[in-house]
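# can't give you the sequence, but here's the structure:
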Ligand SMILES: Cc1cc2nc3c(=O)[nH]c(=O)nc-3n(C[C@H](O)[C@H](O)[C@H](O)COP(=O)(O)OP(=O)(O)OC[C@H]3O[C@@H](n4cnc5c(N)ncnc54)[C@H](O)[C@@H]3O)c2cc1C
Ligand code: FES
C-alpha cells in the first residue's frame, strides 16, 4: 500500500495565504478539517501523492453566524458544536439536528468539521443530505474571488467537490427563510453506527395546512445526494397530512432510477427502503409543522 | 526531501511538553511512542472501537485518527492523568467496583469517554451513557459503573 507521508503542514493566518498555498501545490495539497476522512483515505492508500496539508484553524471559521440573508456555518465548526448551536434551537432547521444525531460517535463529532463533511463528497453521509433539503450553498474562497455554489452542484460526484485551483470551503450558507420550514431527516442503517443504507431529508413550506413548496432529498442511492423534484412537486397544494404522501410516492420509483447496489444493499432493496423513509420523513415533518402551518 | 519536522507544544496531563512531530503522525503515536504514555491503546485504528479515546481541550476524541498537529497548543488528558495509585478517580473506582473492565485493553478508552461525559453533564440521561460506550447492550457493566459515578459524584 502506498504511504501517506505529507512533507508540510501549513497553518495559514489569512484566507489569501491559504488560497495561495493551495494554488502553489495544486493537486499535491489538500485542506485538513478534522482529518477523520483524510485518515481513512490515507489508510486505504488513496493519498500517497499528497505533499502538503493546509489547516484552516487560524482563519476563525469556527462560528455559526446570522447574516442578512443567511445563517453562515463556518467550515471549521465541529459537528458537535453545530449540534449545540443556537441556530438549531427551538426546532429550527430540525432536519439538520436529526442528521447530526444520527452520526453517533461523539469522538468523531468533536473533531469532524462541517467543511470536511461537505467536501468529502461521500454519498453515504448524513449532513449533506439534510443541508441540501434546506437549500444550502457552499461558500468558496479562492485566490481571486469568493463564490457560492448550491451544495448539490458543489458535490459533483463521488469524492469530487467543485473546487477550483486555490479554493477552499469557508462556510455553508442556509437561507433564513428555511429556518421556519417544517423539516425532518431519517436514516436507515444496518447497525446503530453504520453509514446510511439510505437516508432522506425534506423541508416543507406549509401555509395554513397546505404545502406550498417541498424539497425532498435522498442520500446513499446515487453517487451524490439526489433531489427528488417530481416527488416534491407532487406534494404542492396538498394538505400536510398522511393521505398526501401517496402522491409523492408515485413518481419515486422513476426518479430514483437504479440506486447503488453494494455490500450494504441491492438496488431493489434500497428502492423499497427509500419508499418507507419518504413516508417516515414526511410524517415527521408534518408533525412538526413550521411557522404558519 | 524528508518531511518538515514541527515542534509541537501541548499540555499533557497538566505538564507542558514539546515534541517533534511529522505531519502524518497521530496523537496516539505521539502519546505512546514519543511520550511513553502507553495507557492509551490502539485497537481498530479506524474509529470503530474507542480504545484510543483521550480528551483534547476537554472533549473526547479518537487519538488514532487525530493528527498530532491538531493538538498543538492544546490540552490533552490521558488515562494517566486521571488518578494515581491509591488515589483513583471516582470513575475508576466505579469501574473497578462493578468489574466493568472487560478484558482491560479498551478500559482506558471507556473511562476517558465517561470522563468527558460527566465533565460536560454531571447528570447524564441513560441514552447518553449508552452512547458514550457505543454498543449499548453489550456494555451493561460500564453503564452500571456510570450510574454509580452519577450517584457518588452528586453526593
Ligand atoms: C467512526 C466514524 C463513524 C462515522 N459515522 C458517520 C455517520 O453515521 N454519518 C455520517 O454522515 N458521517 C459519519 N462519519 C463521517 C464523518 O461525518 C466525517 O468523517 C467527517 O464529517 C469529516 O470531517 P473532517 O473535518 O474530519 O474531514 P477531513 O478528513 O478533514 O476532510 C475530508 C475531505 O474534505 C476536504 N476538506 C476538509 N475541509 C475542507 C475545506 N474547508 N475546504 C475544502 N476541502 C476541505 C479534505 O481535503 C478531505 O478531502 C463517520 C466517521 C467515522 C470516522
Ligand atoms: S483505535 Fe479503535 S477507535 Fe481508535
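Nice, thanks for sending it over. These figures come from a predicted structure and were not determined experimentally. Numbers count the residues shown, from 1 in each chain, chains lettered A, B, ... in the order given. Ligands and ions are numbered 1, 2, ... in the order given.

# So which bits of stretch B:46-66 are buried?
Neighbour-count burial for stretch B:46-66 flags B:47, B:49-56, B:59-66 (criterion: 16 or more other C-beta atoms under 10 Å in any protein chain shown). Glycine gets a C-beta too; all of them are placed from N, C-alpha and C.

# out of the residues you listed, which are inside strands?
Of the buried residues of stretch B:46-66, the ones assigned to strands by DSSP state E are B:53-56, B:59-62.

# Output the below-cut-off pLDDT ranges for the stretch 151-293 of chain A.
Filtered on pLDDT under 70, the stretch 151-293 of chain A yields the residue ranges A:290-293.

# I meant chain B, not that one.
B:1-2, B:127, B:130-141, B:143, B:149-155.

# for the residue of it found nearest ligand 1, what are its contacts?
Closest approach of chain B to ligand 1 (C-beta to the nearest ligand atom) occurs at residue B:47, with a separation of 3.1 Å. The contact partners of residue B:47, by C-beta atoms under 8 Å, 6 or more residues apart in numbering or on different chains, come to A:36, A:39-40, A:105, A:107-108, B:62, B:64-65.

# And residue A:219, by the same measure?
For residue A:219, the contact set (C-beta under 8 Å, 6+ apart) comprises A:123-126, A:128-129, A:196, A:198-201, A:225-226.

# The residue of chain B closest to ligand 1 and residue A:263, how far apart?
19 Å (C-beta to C-beta, to the nearest Å).

# got it, and residue A:184?
According to C-beta to C-beta, residue A:184 stands 28 Å off from residue A:263.

# quick one: which of these two has more around it?
residue A:184 (25 against 5; other C-beta atoms under 10 Å in any protein chain shown).

# wait, is the more buried one part of a strand?
Yes: looking at residue A:184 with DSSP: H, G, I helix; E, B strand; the rest coil, it is inside a strand.

# strand partners of the host helix or strand of residue B:9, parallel vs antiparallel please.
Per DSSP states H and E, residue B:9 falls inside strand B:6-12. Strand B:6-12 pairs in its sheet with strand B:15-21 (antiparallel), strand B:75-77 (parallel), by DSSP bridges.

# Now render the ones you listed as CSV, adding distance to ligand 1 and mean neighbour count.
Below are the strands paired with strand B:6-12 laid out as CSV (distance: least, C-beta to the nearest ligand atom, whole Å; neighbours: other C-beta atoms under 10 Å in any protein chain shown):
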stretch, distance to ligand 1, mean neighbour count
strand B:15-21, 17, 14
strand B:75-77, 18, 20
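
# In JSON lines, list the ones you listed along with distance to residue A:151.
Below are the strands paired with strand B:6-12 laid out as JSON lines (distance: least, C-beta to C-beta, whole Å):
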{"stretch": "strand B:15-21", "distance to residue A:151": "34"}
{"stretch": "strand B:75-77", "distance to residue A:151": "34"}
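
# just to revisit the earlier point, distance to residue A:250 added to the ones in strands among the buried residues of stretch B:46-66, as CSV?
Listed next are these as CSV, based on distance: C-beta to C-beta, whole Å:
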residue, distance to residue A:250
B:53, 48
B:54, 52
B:55, 52
B:56, 50
B:59, 46
B:60, 46
B:61, 46
B:62, 44
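
# Of those residues, which are in range of ligand 2?
The subset of these within reach of ligand 2, by C-beta under 6 Å from any ligand atom, is residue B:62.

# so which of the ones in strands among the buried residues of stretch B:46-66 are also by chain A?
Among those, the ones lying near chain A by C-beta under 8 Å from any C-beta of the partner chain are B:53, B:56, B:59-62.

# farthest-separated two in these?
The distance between the two most remote of those (C-beta to C-beta) is 11.3 Å, for B:59 and B:62.

# Show me the domain layout of the chain.
Just so you know, I chose chain A. A:8-54, A:64-175, A:181-289 (automatic domain parsing).

# That was the other one, I meant chain B.
For chain B, automatic domain parsing gives the domain ranges B:6-81, B:90-152.

# what's around the residue in the stretch 151-293 of chain A positioned nearest to chain B, how many residues?
Per C-beta to the nearest C-beta, residue A:193 is where the stretch 151-293 of chain A lies closest to chain B, at 6.8 Å. For residue A:193, the count of nearby residues is 16 (other C-beta under 10 Å).

# what about it, which helix or strand?
For residue A:193, there is no host helix or strand (DSSP H and E).

# what's the answer for residue A:81, then?
Applying DSSP H and E, one finds residue A:81 within helix A:79-83.

# Tell me which helix or strand comes right after that helix.
helix A:94-102.

# wait, does whichever helix or strand comes after that next one contact ligand 2?
Next along the chain after helix A:94-102, taking DSSP H and E as the criterion, comes helix A:106-109. No: Helix A:106-109 is not in contact with ligand 2 by C-beta under 6 Å from any ligand atom; minimum separation 7.2 Å.

# Off-centre distance for helix A:106-109?
Averaging C-alpha positions (C-alpha atoms, centre = their mean, to the nearest Å) puts helix A:106-109 17 Å from its chain's average.

# and if you look at stretch B:63-74?
Centroid separation between stretch B:63-74 and its chain, computed with C-alpha atoms, centre = their mean, is 13 Å.

# which residues sit against it?
Contacts for stretch B:63-74 (C-beta under 8 Å, 6+ apart): A:9, A:32, A:34-36, A:38-40, A:53, A:55, A:111, B:6, B:8-11, B:19, B:21, B:23-31, B:40, B:42-47, B:52-54, B:56-57.

# now the end-to-end length of that stretch.
13 Å (C-alpha to C-alpha, to the nearest Å).

# ok, the residue of chain B closest to ligand 1 to residue A:206 distance?
39 Å.

# ok, residue A:59 touching residue A:18?
Yes: using C-beta atoms under 8 Å, residue A:59 is in contact with residue A:18, at 6.6 Å.

# which one of those two has more residues nearby?
residue A:18 (26 against 20).

# Quick one: check the helix or strand hosting the more buried one for contact with chain B.
For residue A:18, the element it lies in under DSSP H and E is helix A:15-25. No: using C-beta under 8 Å from any C-beta, we find that helix A:15-25 stays clear of chain B, coming within 13.0 Å at best.

# Which strands and helices lie in contact with whatever helix or strand comes next after that helix?
Remark: after helix A:15-25, the chain's next helix or strand is strand A:29-32, criterion DSSP H and E. For strand A:29-32, the packing partners by 3 or more C-beta pairs under 8 Å, 6 or more residues apart in numbering or on different chains; DSSP states H and E come out as helix A:15-25, strand A:52-55.

# what comes up buried for stretch A:148-166?
A:148-149, A:151-152, A:154-155, A:161-163, A:166.
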